[in-house]
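*Asks:* here are the coordinates; sequence isn't available:
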Ligand code: PNS
């Protein structure tokens, strides 16, 4: 039986921590879907299309990584895609409480769905999309923390705001 995993999130933007988890998942599972939640935030930094485009470009050489979007309940999406594993990254103990609640709620909603937690490489353990947005918008460097394409798009955004 082949295992189809889903790695859900907002990915606004995709960080090197996400990339690390996706690469680990792609080695562990037959196939992994990066499932981007539609309309998670009212004013996202990147549109849905941009987030999809970025993730597809970053994983273009990974044949078992698919990028898709979903809305509504994650377990309903899992059922539609016939996937039974949710992948989530755990960076620190502070992530644990929220992640455990979600894992148990998803199990309550769909008893056959298992959540698998993976730890990113230590060098990425402090990165979050929220901090990337904050640091970049205040003029800090995000080089090495996000894929090059994300960095390029962030810089383009600043340039177009100036003109
Ligand atoms: O990027 P995030 O905020 O860590 O991702 C959170 C996400 C998308 C995994 C979560 O909000 C989610 O699954 N939303 C879909 C709606 C849903 O199923 N909610 C109940 C989860 S227990």
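*Replies:* Here it is on my side, so go on. Treat the numbers as computed from the prediction; the structure is a model and nothing was measured.
*Asks:* Helices of this protein, residue ranges please.
*Replies:* 16-28, 48-58, 74-81, 93-109, 129-137, 148-162 (DSSP state H).
*Asks:* can you redo those helices as JSON lines with mean neighbour count, distance to residue 117 and mean pLDDT?
*Replies:* The way it works is simple: take the backbone N, C-alpha and C, and place the C-beta from them, glycine included. Shown next, in JSON lines, are these (neighbours: other Cβ atoms under 10 Å; distance: least, Cβ to Cβ, whole Å; pLDDT from 0 to 100):
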{"stretch": "helix 16-28", "mean neighbour count": "20", "distance to residue 117": "10", "mean pLDDT": "98"}
{"stretch": "helix 48-58", "mean neighbour count": "18", "distance to residue 117": "21", "mean pLDDT": "97"}
{"stretch": "helix 74-81", "mean neighbour count": "17", "distance to residue 117": "15", "mean pLDDT": "98"}
{"stretch": "helix 93-109", "mean neighbour count": "13", "distance to residue 117": "7", "mean pLDDT": "97"}
{"stretch": "helix 129-137", "mean neighbour count": "16", "distance to residue 117": "18", "mean pLDDT": "96"}
{"stretch": "helix 148-162", "mean neighbour count": "13", "distance to residue 117": "24", "mean pLDDT": "87"}
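*Asks:* As TSV, those with distance to the ligand would be great.
*Replies:* Output for the helices of the chain, formatted as TSV (distance: least, Cβ to the nearest ligand atom, whole Å):
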stretch	distance to the ligand
helix 16-28	9
helix 48-58	11
helix 74-81	4
helix 93-109	4
helix 129-137	7
helix 148-162	15
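*Asks:* Quick check: which of those helices is nearest to residue 123?
*Replies:* Distance to residue 123, taken as Cβ to Cβ, is lowest for helix 16-28 among the helices of the chain, at 8.4 Å.
*Asks:* quick one: contacts of the closest one?
*Replies:* 5, 7, 9, 11, 32, 34, 58-59, 62, 64-65, 87, 89, 91, 118, 120-121, 124-125, 127-128, 144-147 (Cβ atoms under 8 Å, 6 or more residues apart in numbering).
*Asks:* coming back round to it: and of the helices of the chain, who's closest to residue 38?
*Replies:* For residue 38, the closest of the helices of the chain is helix 48-58, at 6.0 Å, according to Cβ to Cβ.
*Asks:* Who are the packing partners of that closest one?
*Replies:* Judged by 3 or more Cβ pairs under 8 Å, 6 or more residues apart in numbering; DSSP states H and E, the packing partners of helix 48-58 are strand 31-37, strand 65-70, helix 148-162.
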